[in-house]
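Undergrad: what would the 3D arrangement of this be:
(4 chains)
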2 protein chains.
Amino acid sequence: MRFETSTIKDIAKALGLSTSTVSRALRDRYEISEETKKLVLAYAEKVNYRANPIARSLKERRSYSIGIIVSEIANNFFSQVINGIESIAYDKDYHVIISQSHESFEQEKLNVDHLASRSIDGLLIALSSETQNIDYLRDLYAKGLPIVFFDRVPENFETHKVIANNFKGSFDATEHLILSGKRTIAHLTNSENLSITRERLKGYQAALAKYHIDFNPDLVKYCQHGGMHSEELETAVKELLPLKPDGIFIASDRLTTGCIMALKNTNPEFAHKIAIAGFTNSNLVELFSPSLTSVRQPAFEMGQVATELLISMIEAKRPVVDFETRILDTELIKIQKAASNKFL
Amino acid sequence: MRFETSTIKDIAKALGLSTSTVSRALRDRYEISEETKKLVLAYAEKVNYRANPIARSLKERRSYSIGIIVSEIANNFFSQVINGIESIAYDKDYHVIISQSHESFEQEKLNVDHLASRSIDGLLIALSSETQNIDYLRDLYAKGLPIVFFDRVPENFETHKVIANNFKGSFDATEHLILSGKRTIAHLTNSENLSITRERLKGYQAALAKYHIDFNPDLVKYCQHGGMHSEELETAVKELLPLKPDGIFIASDRLTTGCIMALKNTNPEFAHKIAIAGFTNSNLVELFSPSLTSVRQPAFEMGQVATELLISMIEAKRPVVDFETRILDTELIKIQKAASNKFL
DNA sequence: TAAGAACACGCAATCGCTTGCATGTAGAAT
DNA sequence: ATTCTACATGCAAGCGATTGCGTGTTCTTA
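TA: Residues are numbered from 1 along each chain as shown, chains lettered A, B, ... in the order given. Predicted coordinates for the structure are as follows:
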């Protein structure tokens, strides 16, 4: 060991006790006298004893750590979710290990496998946009790894899930565009693999239907890589322009910012004419030009709820069979007309 | 064990070998016949054997993982650094564990201690803006934990460091403001504890000096919490306004976006009159209104370089005594006048 | 043919910690 | 005074993997 930290054995030797007694004192178990417990604790404090979590993990077959898989941390939504996760996990003495899939299925699987082999006690995951086959997760789950999905969740997988009210969020955003007079509303969205894609599409369609606007499939553009490559965004934008949309509803954080960028690069003038509404948790929307109406997800809360559910699974005495899907409401943040008019 | 993964013992039993032989075959050591090696490898493959990293860590006293401490991942600069770190680490079979200090010294120390106790093989750290005392890092370092600092580095700590050319980046940005006719240039910056704060201040001062502009300390505002609280930004902005600056140079990613926001909230009209230059690695600067000239750090590369240095320390046969401080050049990205004029 | 070298493998200790079981001691109960 | 109970502590196995050392086998060489 490079670090000559003191071990339970050192303490035992110094105090003329056995390692078992020391361990029990430290773990505060019942079969120990108040006296020796105090003695041990005092000495441990003195030498700044830290239990070796590795050894404990090996022995106990658990690590008090939970794994997180997101597509990328450089994404406001996900980093806020992670903060929510941490806020609960640390409170309950769990540590978190973050991994990025970068929207790649292979990377996702690699990371999950690695985490699993490091004895994480549970997994919080938002699927990558490439992911179609989740058998590898089923295997792990069957072997006893608690898994909670958030944001991008699979169907036919019985476990806890936490999602935003995607339908309503999309409906509201689309309706907002319609109410501000738009009629040809495009929809830029993620890979069809994702649950959020399907749900948000439905919300968009429902809003159109409510106002008797025909749904035109050509106005819907899918980005298979979730906007990771700027080309896919530019292609989508270029394909949309000839259809002369007067509004566009965008279905995810990365897509929203990427799309505005693509619009600006492709046709800056048009970028300022089209009305934009999109999912984003960016704290900087107020700085954006063109400005947009945003659908904000309760990301922090989503992380918290998912973590609570996960920890309840981890610590459950008996196998959990009653699963819930928590649906959290989104918030529509409209353009502040005044400000945006004044300076555009 | 929840996961009934196969162990080396299982393989040994199944093949009628000893665990030592299996281990040696898997580790590809010399005292083993080609034949049994193949046998073992084939069987291991078949049962999808994964060595238990926890057990290995315990035995070998290392974990093949490196710890990262940044102030927050929801920061373009840091998330890009992390991506750079990952790109090298994964290549060399290391895993990374990310922790956030949220600019709090206490949180930083807590996280570092936790990482250290989890047997990380090395640490990559950018200090929090609160951090003044790094004795706890010295202790760990003395006990043998390799540490490489990046971005926010301490003085009087002999180890590898990787930083941007903060002086030049600041000089260039300030000079740019001067050359576009500004004379009263404010400087919004981080806590004085940070190396980047001092270096960037010097660059700012040097540029002023070059053009014979008197340095006015009142024009420099420090944010002790690195802009984590919006109040400190608003206060700073409000204090600056009476001095009627015509330009402002901002010293970090979070501060830059936060400051523009504060300007907009405080006095939107003024926000569009003042010329802004600032450090930021945001991919969205082109969307910002008001627009700004940005100093972009080679974040990804910084992560890569730091990781290479760290791994070289970890794998060094003898204690490293020759340390380097790598300085990477920044890039000045000027406002695209055309675009910004057209739509402002 | 006999002795030594080279090789392939097993035994067992070890990393630091937890815990079931055994043991010893003191006080309570008869 | 003797037995029983309760409590405090120690012993030792085990988590999964690595590795120094010892041993048995085969092959080489004189």
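Undergrad: tell me the confidence at A:Arg183?
TA: Predicted confidence (pLDDT) for A:Arg183: 95.
Undergrad: please apply the same query to A:Tyr204.
TA: At A:Tyr204, pLDDT is 98.
Undergrad: determine how far whichever strand or helix holds it lies from the middle of the whole chain.
TA: Assigned by DSSP states H and E, A:Tyr204 belongs to helix A:195-210. With CA atoms, centre = their mean, to the nearest Å as the basis, helix A:195-210 stands 21 Å off its chain's centre.
Undergrad: do the same with stretch A:159-178
TA: How far stretch A:159-178 lies from its chain's middle: 16 Å, per CA atoms, centre = their mean.
Undergrad: related to what we said a few turns ago, would you mind writing the CA trace of the helix holding A:Tyr204 as PDB?
TA: Listed in PDB are the C-alpha atoms of helix A:195-210, where the atom choice follows Å, rounded to 0.1, in the frame of the first residue of the first chain:
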ATOM      1  CA  SER A 195     -39.200   7.000 -25.300                       C
ATOM      2  CA  ILE A 196     -39.000  10.800 -25.000                       C
ATOM      3  CA  THR A 197     -39.100  11.000 -28.800                       C
ATOM      4  CA  ARG A 198     -42.300   9.100 -29.100                       C
ATOM      5  CA  GLU A 199     -44.000  10.900 -26.200                       C
ATOM      6  CA  ARG A 200     -43.000  14.300 -27.300                       C
ATOM      7  CA  LEU A 201     -44.200  13.600 -30.800                       C
ATOM      8  CA  LYS A 202     -47.600  12.700 -29.400                       C
ATOM      9  CA  GLY A 203     -47.800  15.900 -27.500                       C
ATOM     10  CA  TYR A 204     -47.000  17.900 -30.600                       C
ATOM     11  CA  GLN A 205     -49.500  16.000 -32.700                       C
ATOM     12  CA  ALA A 206     -52.200  16.400 -30.000                       C
ATOM     13  CA  ALA A 207     -51.800  20.100 -30.000                       C
ATOM     14  CA  LEU A 208     -52.000  20.300 -33.700                       C
ATOM     15  CA  ALA A 209     -55.100  18.200 -33.600                       C
ATOM     16  CA  LYS A 210     -56.700  20.400 -31.100                       C
END
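Undergrad: any low-confidence regions in chain A?
TA: A:1-4, A:336-344 (pLDDT under 70).
Undergrad: enumerate the residues of it near DNA strand D.
TA: Within chain A, the positions adjacent to DNA strand D are A:16-21, A:24, A:30-36, A:55, A:58-59, A:61 by CB under 7 Å from any atom of the strand. (Glycine included, C-beta is placed from N, CA and C.)
Undergrad: those in helices, which ones?
TA: Among those, the members found in helices (DSSP state H) are A:19-21, A:24, A:34-36, A:55, A:58-59.
Undergrad: buried only: go through these for me.
TA: Among those, those buried by neighbour count (16 or more other CB atoms under 10 Å in any protein chain shown) are A:21, A:24, A:55, A:58.
Undergrad: what about the nearest residue to the last one once chain neighbours are set aside, distance to A:Ala55?
TA: What it means is A:Leu58. Computed as CB to CB, 6 or more residues apart in numbering or on different chains, the closest residue to A:Leu58 that is not its neighbour in sequence is B:Ile54, at 4.9 Å. Going from B:Ile54 to A:Ala55 by CB to CB, to the nearest Å gives 9 Å.
Undergrad: and the helices in the stretch 101-250 of chain A?
TA: In the stretch 101-250 of chain A, the segments counted as helices under DSSP state H, counting those that start in this stretch are A:105-117, A:135-142, A:166-179, A:195-210, A:230-240.
Undergrad: what's the burial count for the nearest residue to A:Leu124 once chain neighbours are set aside?
TA: Spatial nearest neighbour of A:Leu124, excluding adjacent residues (CB to CB, 6+ apart): A:Ile68 at 4.9 Å. Number of residues near A:Ile68 (other CB atoms under 10 Å in any protein chain shown) recorded here: 28.
Undergrad: near DNA strand C, which residues of chain A?
TA: Residues of chain A lying close to DNA strand C (CB under 7 Å from any atom of the strand) are A:1, A:7-9, A:19-20, A:23-24, A:26-27, A:29, A:31, A:51-52, A:55-56, A:58-60.
Undergrad: quick one: secondary structure of A:Ile327?
TA: For A:Ile327, the assignment made with DSSP: H, G, I helix; E, B strand; the rest coil gives strand.
Undergrad: and it, how far is that from DNA strand C?
TA: 38 Å (CB to the nearest atom of the strand, to the nearest Å).
Undergrad: cool, and A:Asn75?
TA: With CB to the nearest atom of the strand as the criterion, A:Asn75 and DNA strand C are 37 Å apart.
Undergrad: kindly report the same for A:Ala14.
TA: Counting by CB to the nearest atom of the strand, the gap from A:Ala14 to DNA strand C is 12 Å.
Undergrad: same thing with A:Glu34?
TA: Using CB to the nearest atom of the strand, A:Glu34 is found at 15 Å from DNA strand C.
Undergrad: quick revisit: would JSON lines of the helices of the stretch 101-250 of chain A with mean neighbour count be doable?
TA: What follows is the helices of the stretch 101-250 of chain A, written out as JSON lines (neighbours: other CB atoms under 10 Å in any protein chain shown):
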{"stretch": "helix A:105-117", "mean neighbour count": "19"}
{"stretch": "helix A:135-142", "mean neighbour count": "15"}
{"stretch": "helix A:166-179", "mean neighbour count": "22"}
{"stretch": "helix A:195-210", "mean neighbour count": "20"}
{"stretch": "helix A:230-240", "mean neighbour count": "18"}
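Undergrad: redo those helices as TSV? Include distance to chain B.
TA: As requested, the helices of the stretch 101-250 of chain A are exported to TSV (distance: least, CB to the nearest CB, whole Å):
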stretch	distance to chain B
helix A:105-117	5
helix A:135-142	8
helix A:166-179	19
helix A:195-210	20
helix A:230-240	10
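Undergrad: show me the residues around A:Thr293 that make contact.
TA: A:173, A:176-177, A:275-278, A:332-335 (CB atoms under 8 Å, 6 or more residues apart in numbering or on different chains).
Undergrad: ditto for A:Phe279
TA: With the criterion set at CB under 8 Å, 6+ apart, A:Phe279 makes contact with A:77, A:169, A:173, A:200, A:250-253, A:255-256, A:294-297, A:330.
Undergrad: so which of those residues sit within strands?
TA: A:250, A:294-296 (DSSP state E).
Undergrad: buried ones among the residues you listed?
TA: For the ones in strands among the contacts of A:Phe279, buried by 16+ other CB under 10 Å: A:250, A:294-296.
Undergrad: and A:Ile11, what does it touch?
TA: Taking CB under 8 Å, 6+ apart as the test, what A:Ile11 contacts is A:17, A:22, A:40, A:43-44, A:47, A:49.
Undergrad: which ChimeraX command selects the buried ones in the residues you listed?
TA: To isolate the buried members of these in ChimeraX, using 16+ other CB under 10 Å:
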select /A:17,22,40,43,44,49
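Undergrad: which of the contacts of A:Ile11 sits closest to B:Gly122?
TA: A:Tyr49 (23.3 Å; CB to CB).
Undergrad: where does that closest one sit: helix, strand or coil?
TA: A:Tyr49 - assigned by three-state DSSP - is coil.
Undergrad: got a list of what it touches?
TA: Here A:Tyr49 is in contact with A:5-6, A:8, A:11, A:26, A:43 (CB under 8 Å, 6+ apart).
Undergrad: with that, I have no additional questions.
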